[in-house]
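*Asks:* Have a look at this prediction, sequence included:
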Amino acid sequence: MLGMGDGLRARRCAVMVAVSLTFALVSSARADDPRSSYLIKLLESSSQFRVRAQAAISLGGVDGSPAVVNALGEALRDQHPAVRAAAANSLGRVGDKTVAARLRALDKDPEEPVRSAAKMALAKIDSSASSVATTQAPAPTPSGPPQYYVSVAEPASRVASVDHKALAQARDYIKQRVLEMQGVVLAPDAEGSAEAEKVLKHKRLKGYFLDSAITSVEKKPDGATRVAVSVIVATYPGRDMRAIMQGAATVSGGGSQDYGQALQGAFSGALRQLPQAMNR
């Protein structure tokens, strides 16, 4: 029989698995695209929570039409926490202030990942951070004693144009950004749980695991390139989900380097939320 702690961990793991599965669904749907209506239908009527969560994440990449905003707002009351968290994150991306009250109501949600997603969505809306970034923020200067032990997984992607080399480069970039944060020590690749536990205990650090995905790469009619990414923050080595962070960036110009610049901008935007997630 599972104890209370085990039950909580199981629920959080279920949320993490469900949200991770949303990375497999990449949508370039627009507000006036029939696929938007199809995604709304899935979100509102599917009996499978994984499908509803996938639809909610995909709708976050659509221009915020009233129908999309309303469907995501209603999904904040879904019976499954993965769907509620996905809807909250997408509403943060859409940036519609009319849903702020609904997001604040999630302060009383029984699941911490849902409460966290709602808070981050509200922060994006309040600071207008949902607008597309075209420049990277200055890198923070690391300082202070080690506090966090962070393991970075290679990003996933179902985008056909993103190959293994690009994913490896993205992982290197994430590591670079994470190392610039205060008090962070990177864990070795492929480290075992036992080894990680020893380091955490010996150095008295907090462990975190970053699992990310390139969710879409879009070439716009004007030649600009837009990249969207998602990052799950989990405990390490236990992998209990703590937060979901999303970022997007558009680079204009049509040059061969646009994709790399947009990808770095998207991950920079997502990782700006990491200190808040680790200090919660």
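*Replies:* Alright, I've got the coordinates.

*Asks:* Counting neighbours, which bits of stretch 217-235 end up buried?
*Replies:* Under the neighbour-count criterion of 16 or more other Cβ atoms under 10 Å, stretch 217-235 has 217-218, 224-235 buried. Heads up, the C-betas are built off the backbone N, CA and C, glycines and all.

*Asks:* of all the residues you listed, which comes closest to residue 270?
*Replies:* Closest approach to residue 270 among these (Cβ to Cβ): residue 231, at 4.8 Å.

*Asks:* can you give me the helices in this structure?
*Replies:* Ranges of helices within the chain are 4-21, 34-45, 49-59, 66-75, 81-94, 100-104, 112-126, 164-179, 193-203, 258-271, 274-278, based on DSSP state H.

*Asks:* contact partners of the fourth one?
*Replies:* If I follow you right, that is helix 66-75. 31, 36-37, 40, 43-44, 52, 56, 59-60, 62, 83-84, 86-87, 90-91, 94, 96, 98-99, 102 (Cβ atoms under 8 Å, 6 or more residues apart in numbering).

*Asks:* before we move on, the earlier item: keep only those of the buried residues of stretch 217-235 that are in strands.
*Replies:* 217-218, 225-235 (DSSP state E).

*Asks:* Max pairwise distance over these: which two?
*Replies:* Greatest spatial distance in these: 225 and 235, 34.3 Å, computed using Cβ to Cβ.

*Asks:* got any ranges where the stretch 1-150 of the chain has weak pLDDT?
*Replies:* 1-35, 62-64, 127-144 (pLDDT under 70).

*Asks:* returning to that earlier point: output the ones in strands among the buried residues of stretch 217-235 in TSV; the columns should cover distance to residue 126 and pLDDT.
*Replies:* What follows is those, written out as TSV (distance: Cβ to Cβ, whole Å; pLDDT from 0 to 100):
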residue	distance to residue 126	pLDDT
217	29	90
218	27	90
225	28	89
226	23	90
227	24	92
228	21	91
229	22	91
230	21	90
231	21	92
232	23	90
233	21	92
234	26	91
235	28	93
